[in-house]
Every structure is written in structure tokens, then in C-alpha cells.
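Asks: sequence first, then the predicted structure:
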Amino acid sequence: MTLDLTCQACDTSFELELADLLDEPRLQCPNCDARVPRAMAEALSGALEELFAQLARLRPKFLVVAEVESDDLPPPYDRERAARTDDEDDEEDIEREPRERDADE
């Protein structure tokens, strides 16, 4: 089983084997070496282990197929992404202000 990831820093797509993440909690872009903090990778690994344990309990009654796009997370998990987007918009507005003033002069 793999995670398909796209680095936000360099836009490189790559796959991460879940078994590798569970064995060695590390998440790093192979192109630009962007990485998440070890504690975050360990938390993700732990959450996946818990998810798999719960899915194993469902297995006798249900077949589960899951696909998760981080852009499509339900509330309240989408709040962090929305907050980041708002912050980025504010930064763009701040960066644009001096240029707009220059054009007016």
C-alpha cells in the first residue's frame, strides 16, 4: 500500500510505502529534501496503525476501499488548509500593495 504525495515546495510527485512509514516514521521529498518534523511523521504513523487496527475489526463483515484527497477533507479538518489559504491571500495582498501604489504615482 502506498501514499501518493506531491511536495508543496517543488511540486514533485512521489510515492511512499506505508510499510516504510510504519517502520521508520520519516516523510521527506526525494527531490528537494523538504520534510515534516519527526514528531508529525510519528503521529501520522501512529494514526495509520490505529486506522488499520480498526479496519481489521471490520474485515469479517465489510470490504473497505478508501481514497482521501487532502484538499477534500471534511470539517473540522479543512480549517487548517482554509486558514493557510487566507494567510497566503493576505501575504499576496501585502506584497501587491507597494506595486499598486507605484503604478498610481
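Replies: The structure has been received and is ready for your questions. Numbering: from 1, shown residues only.
Asks: what is the end-to-end distance of stretch 66-79?
Replies: By C-alpha to C-alpha, to the nearest Å, the extent of stretch 66-79 from end to end equals 22 Å.
Asks: stretch 13-30 now?
Replies: 9 Å.
Asks: got the contact list for it?
Replies: Stretch 13-30 is contacted from outside by 1-7, 9-10, 12, 31, 34-36, 38, 40-42, 44-45, 48-49, using C-beta atoms under 8 Å, 6 or more residues apart in numbering. Just so you know, the C-beta spots here come from the backbone N, C-alpha and C atoms, and that holds for glycine as well.
Asks: what is the rounded mean pLDDT of that stretch?
Replies: When pLDDT is averaged along stretch 13-30, the result is 92.
Asks: next: stretch 45-58.
Replies: Mean predicted confidence for stretch 45-58 is 93.
Asks: keeping just the C-alphas, turn that stretch into CSV.
Replies: What follows is stretch 45-58, C-alpha atoms only, in CSV (Å, rounded to 0.1, in the frame of the first residue of the first chain):
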residue,chain,number,x,y,z
SER,A,45,2.4,6.6,11.6
GLY,A,46,0.6,6.0,14.8
ALA,A,47,-2.7,7.2,13.4
LEU,A,48,-2.3,4.9,10.4
GLU,A,49,-1.6,1.9,12.7
GLU,A,50,-4.8,2.7,14.7
LEU,A,51,-6.8,3.0,11.4
PHE,A,52,-5.5,-0.3,10.2
ALA,A,53,-6.4,-2.0,13.5
GLN,A,54,-9.9,-0.7,13.3
LEU,A,55,-10.3,-1.7,9.7
ALA,A,56,-9.1,-5.2,10.6
ARG,A,57,-12.0,-5.4,13.0
LEU,A,58,-14.4,-4.5,10.2
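Asks: select only the buried ones of the contacts of stretch 13-30 in PyMOL?
Replies: Here is the PyMOL command that selects only those of the contacts of stretch 13-30 that count as buried (16 or more other C-beta atoms under 10 Å):
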select buried, resi 7+41+44+45+48
